[in-house]
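Q: task: produce atomic coordinates for the following.
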Amino acid sequence: INFNCFTDSLIAQLAMESVLEKKTGRVFGPPGSKKLIYFIDDLNMPLVDKYGTQQPIALLRQGFDYAAWYDRVKLTLKEVQNTQFLSCMNPTT
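A: Model (predicted):
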């Protein structure tokens, strides 16, 4: 997943959910019994909003801390299993 200055949390969430399938109830994960590694490129690129946060990074933190994020339509929690995150950052200029 490539982050840039136009990436917001909706775009990041849609990209991460596009490869997941529903397992049981509110549990989602990669197809079959596979494991999924998200590679996030240019982690430091999203714009800082007026609250001093970067929305895609806040979404990733929610995934790290709770292994879940909220469905934007139903407003229910989606638990995500069998995933790992790997990222890289651009040097600041």
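Q: so where's the protein uncertain?
A: By pLDDT under 70, the weakly predicted segments of the chain are 93.
Q: how about the helices of it, start to end?
A: 9-17, 55-66 (DSSP state H).
Q: and these as TSV, adding mean neighbour count and distance to residue 2?
A: For glycine as for every other residue, the C-beta is placed from the backbone atoms N, C-alpha and C. Shown next, in TSV, are those (neighbours: other CB atoms under 10 Å; distance: least, CB to CB, whole Å):
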stretch	mean neighbour count	distance to residue 2
helix 9-17	17	9
helix 55-66	16	11
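Q: so which of those comes closest to residue 29?
A: Residue 29 lies closest to helix 9-17 among the helices of the chain, at 11.2 Å (CB to CB).
Q: that closest one: how far from the chain's middle?
A: Distance of helix 9-17 from the chain centroid (CA atoms, centre = their mean, to the nearest Å) equals 6 Å.
Q: could you measure from residue 5 over to residue 52?
A: 16 Å (CB to CB, to the nearest Å).
Q: report how many residues lie close to residue 30.
A: Residues lying near residue 30 (other CB atoms under 10 Å) number 17.
Q: so it touches residue 20, yeah?
A: Yes - in this structure residue 30 lies within contact range of residue 20 using CB atoms under 8 Å: 6.5 Å.
Q: who touches both of these two?
A: Jointly contacting residue 30 and residue 20 under the rule CB atoms under 8 Å, 6 or more residues apart in numbering are residue 36.
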